[in-house]
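Asker: no FASTA, just this:
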């Protein structure tokens with residue numbers, strides 16, 4: 001960890017390689033009048049909207065929608081199976097069936113799926129019927145389903161996905177309200193910083209937090225439904241009657257929650273960062289050509305009990321498509337025997353070369369987490 005002391009609050013950073021745009025955003029956070037104690041920046045951090053991905057900020061008296069982000073509740077889940085081997089032909093069949101069962105990208109289910117929780121506010125009520133076709137779908141961007149071989153000798157299934165369009169609609173609606181209120185009451189926060197806030201005691205903030213929590217719940221239900229269907233596919237195609245799936249590990253990385261840190265009750269915003277409280281079991285994925293990790297938190301107070309949510313991007317999507325070599329990226333994966341998702345130039349935005357070195361990321365957070373299991377990719381389905 002290194003400390004930057006040039007701003008109103010200290011910034012504690014678990015990395016050296018941070019682009020100028022992200023550093024400017026970090027300085028904005030450190031000068032907010034409602035930010036508390038210090039700003040924590042995880043080793044996978046890179047530029048986002050308003051707040052960098054991989055940022056952790058505690059606030060007093062306000063919530064900042066852009067410090068949670070548009071994919072509210074986005075996170076990881078993983079299941080360990082009793083399988084220890086799977087041949088390539090079987091893996092291809094399983095991946096083919098998963099693609100049929102789990103819509104990816106902008107695709108939804110044709111029929112509404114079951115989701116037991118009733119909507120809790122204006123936006124979740126408005127979007128509820130559409131959301132029923134989106135639950136159990138992967139989405140696009142960096143979302144993925146991955147079949148992996150663990151250092152424990154077992155086959156694992158991992159999913160990265162969020163609250164789909166529901167979370168985006170909630171985020172956009174309340175961020176717009178925050179911008180309007182900040183302008184109306186002449187907030188000192190520059191609109192260009194994209195860090196509009198809602199005072200906690202206002203009805204708008206209470207509504208946002210209620211709908212945000214609902215989206216976190218929806219995102220978990222989304223991952224659960226996909227995982228159930230994937231495990232069923234494994235049971236049908238692995239040749240093993242009972243693959244004995246272990247309880248699902250789940251961890252979110254876009255949300256805000258009330259916690260106590262350094263003697264104060266504060267609202268901790270984690271944007272692309274995961275909880276690493278002492279003994280919390282978490283998941284840190286790499287890219288589709290590198291290892292992922294099941295970890296245990298060490299409860300480091302300096303990171304607000306947080307750690308990275310992945311490897312983190314080192315180049316933007318357009319930059320990756322423009323600069324990475326398709327043949328090289330494909331060869332890198334083929335040489336490892338990974339059934340991957342890179343087919344053409346447009347897929348390079350999710351190539352391994354677009355991401356930071358996960359080994360360095362993990363080395364930089366040895367004081368935040370302990371590695372329990374290393375997971376090597378065997379097959380990847382990307383959104």
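Answerer: Done, it's in. Nothing here was measured: the structure is a model prediction, and the numbers come from that model.

Asker: okay, CA-based contacts and neighbour counts for the rest of this
Answerer: Will do.

Asker: Which helix in this protein has the most residues?
Answerer: Scanning the chain for the helix with the most residues, using DSSP state H, yields helix 203-237.

Asker: who does it touch, helix- and strand-wise?
Answerer: Helix 203-237 makes packing contacts with strand 75-80, helix 88-101, strand 155-161, helix 164-184, strand 198-199, strand 254-261 when contacts are defined by 3 or more Cα pairs under 8 Å, 6 or more residues apart in numbering; DSSP states H and E.

Asker: and the first one, which strands flank it?
Answerer: Yep, that's strand 75-80 we're talking about. Strand pairing for strand 75-80, determined by DSSP bridges: strand 155-161 (antiparallel), strand 249-252 (antiparallel).

Asker: deepest of those, which one?
Answerer: The highest average neighbour count among the strands paired with strand 75-80, using mean count of other Cα atoms under 10 Å, belongs to strand 155-161 at a mean of 25.

Asker: Next, the angle from that strand to helix 203-237.
Answerer: 150 degrees (axes from the mean of the first three to the mean of the last three Cα atoms, to 10 degrees).

Asker: Give the other helices and strands that the host helix or strand of residue 39 contacts.
Answerer: Element membership of residue 39, judged by DSSP states H and E, is strand 35-46. Taking 3+ Cα pairs under 8 Å, 6+ apart as contact, the helices and strands that strand 35-46 lies on are strand 11-13, helix 20-30, strand 53-59, strand 306-308, helix 358-364.

Asker: For that strand, give the mean pLDDT please.
Answerer: In this model, strand 35-46 has an average pLDDT of 98.

Asker: got the angle for it vs helix 20-30?
Answerer: Per the same axes, to 10 degrees, the angle that strand 35-46 makes with helix 20-30 is 170 degrees.

Asker: who does strand 35-46 pair up with?
Answerer: Partners of strand 35-46 in the sheet, by DSSP bridges, are strand 11-13 (parallel), strand 53-59 (antiparallel).

Asker: coming back round to it: I'd like to know which of the strands paired with strand 75-80 is closest to residue 62.
Answerer: strand 249-252 (21.2 Å; Cα to Cα).

Asker: what does the closest one rub up against?
Answerer: Strand 249-252 has contacts (Cα atoms under 8 Å, 6 or more residues apart in numbering) with 73-79, 216, 220, 274-275, 281-283.

Asker: List only those of those flagged as buried.
Answerer: Buried by 16 or more other Cα atoms under 10 Å: 73-79, 216, 220, 274-275, 281-283, out of those.

Asker: Format the residues you listed as TSV; extra columns: distance to residue 14.
Answerer: Formatted as TSV, the buried ones among the contacts of strand 249-252 follow (distance: Cα to Cα, whole Å):
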residue	distance to residue 14
73	23
74	22
75	21
76	21
77	24
78	25
79	29
216	27
220	28
274	14
275	15
281	20
282	18
283	18
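
Asker: hmm, back to that, dump the strands paired with strand 35-46 into TSV; add distance to residue 341, mean neighbour count and mean pLDDT as well.
Answerer: Listed next are these as TSV, based on distance: least, Cα to Cα, whole Å; neighbours: other Cα atoms under 10 Å; pLDDT from 0 to 100:
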stretch	distance to residue 341	mean neighbour count	mean pLDDT
strand 11-13	33	20	98
strand 53-59	24	27	98
